[in-house]
Each structure stands twice: as structure tokens, then as C-alpha cells.
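Student: need a structure here:
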Amino acid sequence: MGAAASPTPASASASAPAPAPAGRAADPRDRDVHRADRVALRVLAAIAVVVGAGNLAFGILHTVAAATGSATLPLLASRPLSGGARATEISVDTADLSGGVHALHALDVGFGALTATAVALASALLLWSVGRALPFSRLLFRAALATGIILVFGSMISLAAGGFARMQAAFELSDTVPGIRAGFEVDPSGIGAGFVVLAAAVAIRIGTRLRRDTDGLV
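Tutor: Numbers count the residues shown, from 1 in each chain. As a prediction, the model looks like this:
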């Protein structure tokens, strides 16, 4: 009687489980954000959205008030006060001013609200993206680029419109309100912030390309 044939090496190796692939270092980009951090970032993103919505709502209301002459406008002044003090700024009611002042004031207020809303919504998107472990993405790049453009040009328009509105109002009130000076103060911080955001958009774009090019290399 012949002995039962033993399994061939080929069949044995076929039935054996496949060896595990050689280990490789984990890519830090594949690590998910800690749950507590993710929740905190999403809460902050939601707060930023609420702030942006509030800025937009109040901006619309104030723009309508400025356009209809139901607002106040701060003007430069030089008026003596009791005790030797001197007022350098006064607020005037715009109801009796011309329609041109109303329109310029509305542009000032409207673009100011637009820039504040854009910053709040872009911040919300950034927080949400970081919470999803996606600090570099095309959507975030486009949002940062749009926000930077809105900040730069919106701030320019707001500064110009507000300045011309104050100068025109000063000319119209020069005979009735003593101590008013024709002029306005310039605050370029919004324009500077816009260029910073544009630089951040470029950095996000470069980071997105580097991440795409290095996927699978580590």
C-alpha cells in the first residue's frame, strides 16, 4: 500500500496566508485631527459664521440708514470746549445733507460691512478645513484669494467714499456749524490685511501643489 502523498510546496504556499507588506512610516497627513480638537474647531467655525451673518445683517441695515439720511457722520473739527479742552471730531445728522453725501456714506458703510463679512466667512472655512485635516485645498485657496481681493479693493472704495462724503458734508455745513474742518483720516490697515491674506492664498496654493506632488512618495 502506497503512503499518501504529502502536499507539494506549491500547494502549501498557496494555502498559506500572504505575508504582510513591509511596514512603512505613517504619513502625518493621514493622521486624523483629535476628536476634541475637531469639535472645538467646528464650534469656532460656527461662531465665525454667526459673526459673519451678523455683520452682513447689521451692514445692510446701516447701509440703508446711510442711504436714506437716517445716520450720523463723524467729521473733523476744531472747537473749543469748557476747561480749555478742544473737540477734534463731531458727529452730525445726515438728514439735511445732500443726496451725494448719502450715496457716498452708504458706499462707505456697505463696503466696510462686506469686508468684515468676507473675513468672518473665510475664517470659518479655514477652521473647518483644519478640523478636517485639510489645511491645503483648492477651495480654501479660492476663498482666501477672494477674501484678499475684497479686502484690498473694498477697503479702497470704503476709504475713498467715506473721505469724499466727509469732505462734502463739511463744505455743506461750513456756514452753519462752526469749527468743522474739511478733511478725513486714512486708515490703511484694511488694505494691508488684504495683501497679507493674498500672500496666505499663495502659500495655500503652493502647499496644495506640494501635497499633491508628494502623495504616495512617503
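
Student: can you pull out the strands in this structure?
Tutor: For the chain, the strands defined by DSSP state E cover 72-80, 86-93.

Student: tell me the helices and strands packed up against the shortest one.
Tutor: Taking 3 or more CB pairs under 8 Å, 6 or more residues apart in numbering; DSSP states H and E as the contact definition, the neighbouring helices and strands of strand 86-93 are strand 72-80. Yep, even glycine has a C-beta here, placed from its N, CA and C like the rest.

Student: flag every buried residue along the strand it packs on.
Tutor: Leu73, Leu75, Leu76, Ala77 (16 or more other CB atoms under 10 Å).

Student: generate JSON lines for these, with distance to Arg132 and pLDDT as supplementary columns.
Tutor: Output for these, formatted as JSON lines (distance: CB to CB, whole Å; pLDDT from 0 to 100):
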{"residue": "Leu73", "distance to Arg132": "45", "pLDDT": "88"}
{"residue": "Leu75", "distance to Arg132": "48", "pLDDT": "86"}
{"residue": "Leu76", "distance to Arg132": "48", "pLDDT": "83"}
{"residue": "Ala77", "distance to Arg132": "52", "pLDDT": "80"}
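
Student: quick one: which of those is nearest Ile191?
Tutor: Leu76 (21.2 Å; CB to CB).

Student: what's the pLDDT at the residue lying closest to that closest one once chain neighbours are set aside?
Tutor: Excluding the flanking residues, the one nearest Leu76 by CB to CB, 6 or more residues apart in numbering is Arg181, at 4.4 Å. Looking at Arg181, its pLDDT stands at 79.

Student: so what secondary structure elements neighbour the helix of greatest length in the chain?
Tutor: Counting residues, the longest helix in the chain under DSSP state H turns out to be helix 138-173. Contacts defined by 3+ CB pairs under 8 Å, 6+ apart place helix 138-173 against strand 72-80, helix 99-131, helix 189-214.

Student: just the angle for it relative to strand 86-93, thanks.
Tutor: 100 degrees (axes from the mean of the first three to the mean of the last three CA atoms, to 10 degrees).

Student: model confidence over helix 138-173, on average?
Tutor: 91.

Student: how about it: buried residues?
Tutor: 140-141, 143-145, 147-148, 150-152, 154-155, 157-170, 172-173.

Student: got it, and stretch 199-217?
Tutor: Ala200, Ala201, Ile204, Arg205, Thr208.

Student: I figured the third one hits Arg142, correct?
Tutor: This points to Ile204. No. Using CB atoms under 8 Å as the test, Ile204 is too far from Arg142 to be in contact (9.4 Å).

Student: on that earlier part again, list just the nearest of the buried residues of strand 72-80 to Gly83.
Tutor: Using CB to CB, these come closest to Gly83 at Ala77, 17.0 Å.

Student: what ranges in this structure fall below the confidence cut-off?
Tutor: Applying pLDDT under 70 to the chain flags residues 1-33, 84, 213-218.

Student: do that again at 80, thanks
Tutor: Where the chain drops to pLDDT under 80, the residues are 1-34, 37, 78-88, 131-137, 175, 177-179, 181-183, 208, 210-218.
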